[in-house]
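Undergrad: Provide a 3D model corresponding to the input given below.
(one chain, ligands or ions: 2)
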Amino acid sequence: METKYIVLPGGTLSEEDDRALRLAGETMKQGGLVAFPTETVYGLGGDALNPESSRKIYAAKGRPSDNPLIVHICCLEDIYRIVSDFPEAAGKAAQAFWPGPLTMILPKSDAVPKETTGGLDTVAVRFPSHPVAQRLIAYSGGYVAAPSANLSGRPSPTLAKYVAQDMDGRIDWIIDGGPVGIGLESTIVDMTVDPPQILRPGYVTAQDLAGVLGQVDMDITILRDDSGQAPKAPGMKYRHYAPKGELVIVEGEPSAVASYINEQTGKLSAAGFCTGVIAASEGADSYRADVIKCVGSREDAEQIAHNLFTALREFDDDGVDYMFSESFPHSGLGQAIMNRLLKAAGHKVVRVSDEQ
Ligand code: AMP
Ligand code: MG
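TA: Numbering: from 1, shown residues only. Ligands and ions are numbered 1, 2, ... in the order given. You can find the predicted model right below:
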């Protein structure tokens with residue numbers, strides 16, 4: 001299949017751009033697939049109410065079919081067609097965080113095929129804030145199933161060129177809306193339980209949710225790798241976000257982390273491998289490696305979140321074989337950052353101390 005491209009300038013859309021978006025929306029109505037920008041990462045969209053479209057999404061991504069899709073809407077009233085219950089707490093969360101990077105799990109209505117929900121009786125719903133996403137959803141009939149627009153297991157795309165790397169030739173359209181804002185996927189909260197439970201940390205933090213909903217729990221598997229339980233969001237059990245090379249997280253005092261990493265990169269370079277480091281700006285100067293990615297200050301979690309997936313993709317662009325990353329603070333948005341980084345590293349963490 002030949003993938004068609006639309007490149008949108010920032011700001012107001014011209015009539016021509018709008019016509020192109022209408023065409024892409026029509027393609028989804030007819031069962032086609034369109035990748036598009038959202039405020040979190042690029043999504044790969046198809047008509048959420050058409051089982052054939054969902055099957056195509058799984059095939060294009062190489063995604064296991066038990067890993068359900070998030071349904072994107074473009075106005076709150078549209079939710080009533082796809083859920084069988086919209087509890088008061090969900091209404092409060094919608095008022096506080098929609099449109100925006102929050103996905104709510106709710107009981108599904110009969111309108112949503114099981115192909116979209118990976119066989120579950122619940123549906124994940126999000127109302128994105130990105131104006132291009134909103135317009136495209138409206139033009140495609142109002143319900144777009146859209147996982148991240150990467151091949152299954154790869155880092156989520158923050159730029160259209162990374163969508164093209166994974167999806168060119170596999171889908172109908174790629175809409176290039178420039179770099180995304182947030183850079184990490186939405187927070188997922190299960191509203192079918194009381195208290196609500198976070199299944200995937202994201203830009204909307206546990207504290208943000210608790211401020212609106214009162215008590216909010218966290219799926220134990222997010223906090224601990226050794227809980228022995230299956231994550232409640234089926235997708236969280238899979239290896240994710242992985243760069244092509246091998247990534248290890250190194251924890252400890254900054255000086256011990258730098259000496260450990262420099263020793264490793266030194267040995268690996270001598271053996272002919274290409275090495276990389278992910279560091280915060282505070283310590284970035286202390287590393288020796290072929291590629292050093294400074295993802296932002298430790299004081300600025302938003303910046304780190306924004307740069308993380310892009311850094312992982314850039315390592316691939318540069319052909320890096322072995323990567324080491326500093327560990328980042330775990331609180332607030334740091335919870336989402338460390339969740340993604342640990343998954344990207346397949347939970348390989350080395351703890352070093354000054355005595356080593
Ligand atoms: P992605 O599409 O890559 O952003 O991933 C979507 C995530 O939402 C995956 O981890 C899914 O397992 C999760 N998800 C989608 N629908 C549901 C649902 N009904 N119940 C629990 N988790 C869900
Ligand atoms: Mg994904």
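Undergrad: Can you verify my assumption that residue 304 contacts residue 336?
TA: No: counting by Cβ atoms under 8 Å, residue 304 does not reach residue 336; the two are 10.0 Å apart. Where C-beta positions appear, they are placed from N, C-alpha and C, glycine not excepted.
Undergrad: To what extent is residue 236 buried, counted in neighbours?
TA: Residue crowding around residue 236 was assessed by other Cβ atoms under 10 Å; the count is 18.
Undergrad: any idea how far ligand 1 is from it?
TA: Taking Cβ to the nearest ligand atom, to the nearest Å as the measure, residue 236 falls 5 Å from ligand 1.
Undergrad: and the stretch 201-350 of the chain, which of its residues are near ligand 1?
TA: 232, 233, 234, 235, 236 (Cβ under 6 Å from any ligand atom).
Undergrad: State the distance from the closest residue in space to residue 116 that isn't next to it in sequence to ligand 1.
TA: Excluding the flanking residues, the one nearest residue 116 by Cβ to Cβ, 6 or more residues apart in numbering is residue 54, at 4.5 Å. Per Cβ to the nearest ligand atom, residue 54 is found 11 Å from ligand 1.
Undergrad: Just give the number of residues close to the residue of the chain found nearest ligand 1.
TA: Closest contact between the chain and ligand 1, by Cβ to the nearest ligand atom, is at residue 235 (2.3 Å). Residue 235 is flanked by 23 other residues according to other Cβ under 10 Å.
Undergrad: wait, what's in contact with it?
TA: 67, 68, 200 (Cβ atoms under 8 Å, 6 or more residues apart in numbering).
Undergrad: ok, now with 10 Å
TA: Neighbouring residues of residue 235 by Cβ atoms under 10 Å, 6 or more residues apart in numbering: 63-64, 66-70, 118, 124, 147-148, 152, 185, 188, 199-200.
Undergrad: can you check residue 260 too?
TA: Per Cβ under 10 Å, 6+ apart, neighbours of residue 260: 248, 250, 251, 252, 324, 350, 351, 352, 353, 356.
Undergrad: same deal with residue 219?
TA: Here residue 219 is in contact with 188-190, 197-201, 227, 229-233, 236 (Cβ under 10 Å, 6+ apart).
Undergrad: May I see the PyMOL selection of the buried members of the residues you listed?
TA: Applying 16 or more other Cβ atoms under 10 Å to the contacts of residue 219 leaves a buried subset, and the PyMOL line that selects it is:
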select buried, resi 188+189+190+197+198+199+200+201+231+232+233+236
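Undergrad: And the furthest pair within the contacts of residue 219?
TA: Using Cβ to Cβ, the contacts of residue 219 span at most 18.9 Å, a distance reached by 189 and 227.
Undergrad: Tell me how far the lowest-mean-pLDDT helix or strand in the chain lies from the chain's centre.
TA: Every helix and strand of the chain was ranked by mean pLDDT, DSSP states H and E. The lowest is helix 220-223, at a mean of 82. Computed by Cα atoms, centre = their mean, to the nearest Å, the chain-centroid distance of helix 220-223 equals 18 Å.
Undergrad: List the buried residues of it.
TA: For helix 220-223, by 16+ other Cβ under 10 Å, it's 221, 222.
Undergrad: try stretch 315-333
TA: The neighbour-count check on stretch 315-333 (16+ other Cβ under 10 Å) flags 315, 316, 320, 321, 322, 323, 324, 325, 326, 327, 328, 333 as buried.
Undergrad: likewise stretch 68-81?
TA: For stretch 68-81, by 16+ other Cβ under 10 Å, it's 68, 69, 70, 71, 72, 73, 74, 78, 79.
Undergrad: Turn those into JSON lines, columns for pLDDT.
TA: Shown next, in JSON lines, are those (pLDDT from 0 to 100):
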{"residue": "68", "pLDDT": "96"}
{"residue": "69", "pLDDT": "98"}
{"residue": "70", "pLDDT": "98"}
{"residue": "71", "pLDDT": "98"}
{"residue": "72", "pLDDT": "98"}
{"residue": "73", "pLDDT": "98"}
{"residue": "74", "pLDDT": "98"}
{"residue": "78", "pLDDT": "98"}
{"residue": "79", "pLDDT": "98"}
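Undergrad: And the furthest pair within these?
TA: Within the buried residues of stretch 68-81, 68 and 74 form the most distant pair, 20.2 Å apart (Cβ to Cβ).
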